[in-house]
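# what's the 3D shape of this:
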Amino acid sequence: MKAVIQTVKNASVSVNGMVTGSIDEGMLCYFGVEKHDTEDMLIPFLEKLLKLRIFKDENGKTNLDLASSGGKLLFISQFTLASNIYRGNRPSFDSAMTPDRAKEFYENAIIFLRSRELIVETGVFGAHMQVSYVNDGPETFVLESDKFLNKK
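Residues are numbered from 1 along each chain as shown. Got it, this is the predicted structure:
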């Protein structure tokens, strides 16, 4: 699994001109699943995401996780995170999870995230989406399951 995480002042996602998710301050997360990912990796991955202390405290130090900061989460599926762009000039998506399985991971992730009593807004799996946001910092982080779960 891979996630691109941004601290944002605000963010929204639209499909066909209709807003499907919108947040004020918080975290924008693009989420992708690869073929080698397993269901037992999902919860540890999401727990790591939620524990990241990337939000500033009253002293301007990055000491707060999402819940402690009072922020919201905009969670968007993005299969292109599983692309290989190093060989040739056209991205290869050979390592991306099949759409039906990736959708299961995405939906299970949303269920878990919402069970943590967070405000979680979403995009639409498989849809062409327009995402608008104001990155705060700017701060952008990449979380990869292979780097800390040692599974591949």
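
# isn't residue 122 up against residue 110?
Yes. Counting by Cβ atoms under 8 Å, residue 110 is a contact partner of residue 122 at 6.0 Å. (Each C-beta comes from the backbone N, C-alpha and C, glycine too.)

# what sits in contact with each of the two?
Common contact partners of residue 122 and residue 110 (Cβ atoms under 8 Å, 6 or more residues apart in numbering): residue 75.

# all helices of the protein, in order?
Under the criterion DSSP state H, the chain contains helices at 39-51, 66-69, 99-115, 145-148.

# and of these, who's closest to residue 23?
Taking Cβ to Cβ, helix 66-69 is the member of the helices of the chain nearest to residue 23, at 10.9 Å.

# report the residue spans of the chain with pLDDT below the cut-off.
150-152 (pLDDT under 70).

# if we use 90, what do you get?
Regions of the chain meeting the criterion pLDDT under 90 cover residues 87, 117, 137, 146-152.

# most centrally placed residue in it?
What sits nearest the mean C-alpha location of the chain, by Cα atoms, centre = their mean, is residue 29, with 2.8 Å.

# so what's the backbone phi/psi at the nearest residue to residue 25 once chain neighbours are set aside?
Distances taken as Cβ to Cβ, 6 or more residues apart in numbering place residue 71 nearest to residue 25, at 5.2 Å, with adjacent residues excluded. Listed backbone geometry of residue 71 is phi -80, psi 170, with angles given as degrees, to the nearest 10.
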